[in-house]
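Asks: got a sequence here, can you model it:
(2 chains)
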Amino acid sequence: KQEVTQIPAALSVPEGENLVLNCSFTDSAIYNLQWFRQDPGKGLTSLLLIQSSQREQTSGRLNASLDKSSGRSTLYIAASQPGDSATYLCAALEGGDNAGNMLTFGGGTRLMVKP
Amino acid sequence: ETGVTQTPRHLVMGMTNKKSLKCEQHLGHNAMYWYKQSAKKPLELMFVYNFKEQTENNSVPSRFSPECPNSSHLFLHLHTLQPEDSALYLCASSAREAFFGQGTRLTVV
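Replies: Numbering: from 1, shown residues only, chains lettered A, B, ... in the order given. Now for the predicted structure:
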């Protein structure tokens, strides 16, 4: 059974710092790896999706990498801002299109960026 | 707007009430999920449906009863809940990518 772990569980940084959030998964037979953001009391917003055949994806100040062989993904946030404060979750999707799906989440990293 | 719609957004119910949460997606996804998120706790997977069949039940108490009449709709029927069941209930769907609804904030009094 897939297990997803995120380190650290919480992170507090001053504004402007570059930071890395880590995600590891036990079963490398994933269809894709997705990073989400969750603001308090809200639903999840998809940030980046990396297909199993890809190594990284970029969107603005965010860059996510995937190393299937080692079971790891990282989310890199450049020049952090107070508005980046939220909980970041990674999720491994098994199955995929036209197959039985299973989405497994890590416990999340709670990020606080201080002005 | 993610394409996954949950109703109602907020629900207050007594312990003897029966209510239902609804989730709808028209993304063509064949997998749908229910998650529970209690205050300041990680997401807890409750149920997974693939092609309208339940493929995962994460030891959820029987007072929560899911229903998936078709690939576009997922319900969570609630009956004789406890105050500790108060939480944010999130629905998701997936195929090549997962999308979430905005959730239903449930308060059991």
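Asks: flag every residue of chain B that's near chain A.
Replies: Contact residues (Cβ under 8 Å from any Cβ of the partner chain) of chain B with chain A: B:2, B:30-31, B:33, B:42-43, B:45, B:48, B:50-51, B:55-56, B:88, B:90, B:92, B:94-103, B:105. Placement of C-beta: from N, CA and C, glycine included.
Asks: please flag which of the residues you listed sit within strands.
Replies: Within the residues of chain B next to chain A, residues falling in strands by DSSP state E are B:31, B:33, B:45, B:48, B:50, B:55-56, B:88, B:90, B:92, B:94, B:98-100, B:105.
Asks: whichever of the residues you listed end up buried, select them in ChimeraX.
Replies: Selection of the buried residues among those in ChimeraX, burial being defined by 16 or more other Cβ atoms under 10 Å in any protein chain shown:
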select /B:31,33,45,48,50,56,88,90,92,94,98,99,100
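Asks: of the ones in strands among the residues of chain B next to chain A, closest to B:Gln6?
Replies: For these, the residue nearest B:Gln6 by Cβ to Cβ is B:Leu90; the value is 7.6 Å.
Asks: got a list of what that closest one touches?
Replies: A:Gly43, A:Leu44, B:Gln6, B:Trp34, B:Tyr35, B:Lys36, B:Gln37, B:Leu43, B:Phe100, B:Gly101, B:Gly103 (Cβ atoms under 8 Å, 6 or more residues apart in numbering or on different chains).
Asks: got it, and B:Thr80?
Replies: If a contact means Cβ under 8 Å, 6+ apart, then B:Thr80 has B:Met15, B:Thr16, B:Arg63 as its contacts.
Asks: residues contacting the first one?
Replies: Contacts for B:Met15 were tallied using Cβ under 8 Å, 6+ apart; they are B:Thr80, B:Leu81, B:Gln82, B:Pro83, B:Val108, B:Val109.
Asks: chain center to the least confident helix or strand in chain A by mean pLDDT, what's the gap?
Replies: Lowest on mean pLDDT, DSSP states H and E among the helices and strands of chain A sits strand A:102-105, with a mean of 92. From the chain centre to the centre of strand A:102-105 is a distance of 12 Å (Cα atoms, centre = their mean, to the nearest Å).
Asks: who's in contact with it?
Replies: When contacts are defined by Cβ under 8 Å, 6+ apart, strand A:102-105 is touched by residues A:2-4, A:25, A:89-95, B:31, B:33, B:42-43, B:45, B:48, B:55-56, B:92, B:94, B:98.
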